[in-house]
Structures are given as structure tokens and as C-alpha cells.
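Chemist: Any chance you can model this:
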Amino acid sequence: MGERIRGSAGVKLRKRRLARTGGLCERCGKAGRVRLATRVDHIKPLALGGEDVDENTRNLCEPCHLDVTAEQFGHASPIEGRGVDRSGRPTSPDHPWNRGLSGGQRNKVARPTPRSKV
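Modeler: Numbers count the residues shown, from 1 in each chain. Take a look at the predicted model:
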């Protein structure tokens, strides 16, 4: 596993790397979008043997960083519009619990009934 540069040297390095692209997300830029980069991402992750050198980094916004990390480590991509309503049910129509339900039906999903004490 590669070593991460930490402390004040790491902070200076991160600022310099973000300045390299004017603080913009490189992945969004290639897709014709303009979005602020908030993460310096390692192309080959340190956890997979990558090095903490400029050539192994790219500047990404949070959504792009989440997508890339999910791909690299074999996780599912995060669902857009995360959040829950007052009952604790997911509010995103893309959430697996809500797929195939129309707006009114989402709130009428059968809930377990409380058990009676014996």
C-alpha cells in the first residue's frame, strides 16, 4: 500500500494539486460540465498500491469521486436524492424500495402490525 503524505506538507500538496486545474473537476470538464473539485483522487488508489505522486492524482467533485470510488472498489454507486421522510422511508424514486410505486402508493406500503403481548 502506498504512503499518504500527511500533515502540513499534505495540506500544501493538496492545495497545489487542486490549483493545477483551477479547482475544477476533471471528469466533469471532459463531459462539458463545470463543477468545483473538492477531492484530490488517486487514479490508482493508495489502498491498491498506488503512489501519492502528482501523476497518480486527479481533481474530482464529490459526486464524481463517489462514482469512481464505487467502481474501483466494486461497490454500488450511491443513489441520487438520498434522504428519508418522517416515517424513515427513502424519498428518492430511484431507491429500490420505491421502484415501481407511484407517488401516492409510496406512502401506503403495508407496515408490520405490532405484536400482541401474550
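Chemist: which residues touch G88?
Modeler: For G88, no residue meets the contact criterion (CB atoms under 8 Å, 6 or more residues apart in numbering). Backbone N, C-alpha and C define where each C-beta goes, glycine included.
Chemist: Could you grab the helix/strand/coil label for it?
Modeler: Assigned state for G88: coil (three-state reduction, DSSP: H, G, I helix; E, B strand; the rest coil).
Chemist: Report the separation between it and G100.
Modeler: 20 Å (CB to CB, to the nearest Å).
Chemist: Same question for I5.
Modeler: Taking CB to CB, one finds I5 at 48 Å from G100.
Chemist: neighbour-wise, which of those two wins?
Modeler: Just comparing I5 and G100: by other CB atoms under 10 Å the higher neighbour count belongs to I5, 13 against 7.
Chemist: can you give me the helices in the chain?
Modeler: 7-19, 26-30, 62-73, 103-106 (DSSP state H).
Chemist: Nearest to H42 among the ones you listed would be which one?
Modeler: Among those, helix 62-73 comes nearest to H42, with 9.3 Å by CB to CB.
Chemist: elements contacting that closest one?
Modeler: Judged by 3 or more CB pairs under 8 Å, 6 or more residues apart in numbering; DSSP states H and E, the packing partners of helix 62-73 are helix 26-30, strand 39-42.
Chemist: mean confidence for the shortest one?
Modeler: Model confidence over strand 39-42, given as mean pLDDT, is 96.
Chemist: ends of stretch 34-45, how far apart?
Modeler: 25 Å (CA to CA, to the nearest Å).
Chemist: so how far is it off the chain centroid?
Modeler: 11 Å (CA atoms, centre = their mean, to the nearest Å).
Chemist: can you pull the buried residues of that stretch?
Modeler: For stretch 34-45, burial by neighbour count (16 or more other CB atoms under 10 Å) applies to 35, 37, 39-42, 45.
Chemist: any idea which of those residues is the one closest to R16?
Modeler: V40 (9.6 Å).
Chemist: E55 is nearest to which of the helices of the chain?
Modeler: Nearest of the helices of the chain to E55, taken as CB to CB: helix 7-19 at 10.9 Å.
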